[in-house]
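1. mind looking at a prediction? Sequence and model below.
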Amino acid sequence: MTLRLFSPALLLTIAATPALGQHIRKTNPPGVARPVGSYSHVTEVPPGTRMLFLAGQVGNRLDGSLPASIEAQAAQAFDDVRAILASQGARPDHIVKMTIYAAAKPTDPAAIGRKHAEMFKGTEPPPNTWVYVSQLARPEYLIEIEVVAAVPTPAG
């Protein structure tokens, strides 16, 4: 009589589940120029990670009003991204890709940079793409921030 301690399906499940402590890695590989801004070139997401795809966030305040400046809209959009992540048990360090669409040039780009840096303080920033477009869904929207996040699930 042969005693089987583990079924092949169970072994595959164990192999595909990230170990506790396995985390999302953001890196800049050798042989590629360092990023010119606050971003990483690549994010590696371990198997078994819960993926979150956030809709593009514009600068609408909770009361429905919209700030006039691109900087204020960006600040609100970053805050909304943070709030949506928190509602899902995620944090900014779980962001694996960010795309920013801007329909206007900021008069104070450093203000947006500070808000971005604040969001990723203490962690490597994710790959990030900034795209200028002629217009967003509504003409009063000046910026939209789209995010993909990956939340490691505990092993077990």
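-> On my side now, so go ahead.
2. contacts for stretch 96-108?
-> Residues outside stretch 96-108 that contact it (C-beta atoms under 8 Å, 6 or more residues apart in numbering): 24, 26, 39, 43, 45, 56, 69-71, 74, 112, 126-136, 141-150. C-betas here are computed from N, CA, C, even on glycine.
3. does the closest residue to Thr129 other than its chain neighbours count as helix, strand or coil?
-> With C-beta to C-beta, 6 or more residues apart in numbering as the criterion, Thr129 has its nearest non-adjacent residue at 4.8 Å, and that residue is Thr99. Using DSSP: H, G, I helix; E, B strand; the rest coil, the secondary structure recorded for Thr99 is strand.
4. how close does Thr99 get to Val45?
-> Going from Thr99 to Val45 by C-beta to C-beta, to the nearest Å gives 17 Å.
5. what of Asp80?
-> To Val45, Asp80 is 23 Å away according to C-beta to C-beta.
6. what of Val58?
-> 27 Å.
7. any weak-confidence spans in the chain?
-> 1-22, 155-156 (pLDDT under 70).
8. looking at it, which helix is longest?
-> helix 70-87 (DSSP state H).
9. tell me where this protein has strands.
-> Using DSSP state E, the strands assigned to the chain run over residues 25-27, 42-44, 50-57, 95-102, 128-132, 143-151.
10. between those strands, which one is closest to Met119.
-> Ranking these by proximity to Met119 (C-beta to C-beta) places strand 95-102 first, at 8.2 Å.
11. now do that closest one: distance to the chain's middle.
-> Offset of strand 95-102 from its chain centre (C-alpha atoms, centre = their mean, to the nearest Å): 7 Å.
12. with only the CA atoms kept, save that strand in CSV.
-> Listed next in CSV are the C-alpha coordinates belonging to strand 95-102 (Å, rounded to 0.1, in the frame of the first residue of the first chain):
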residue,chain,number,x,y,z
ILE,A,95,0.9,50.2,-6.7
VAL,A,96,2.6,48.4,-9.5
LYS,A,97,1.8,50.8,-12.4
MET,A,98,0.6,54.4,-12.6
THR,A,99,-0.5,56.3,-15.7
ILE,A,100,-1.2,60.1,-15.5
TYR,A,101,-3.1,61.8,-18.2
ALA,A,102,-2.9,65.6,-18.3
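13. that's all I had, so thanks and see you.
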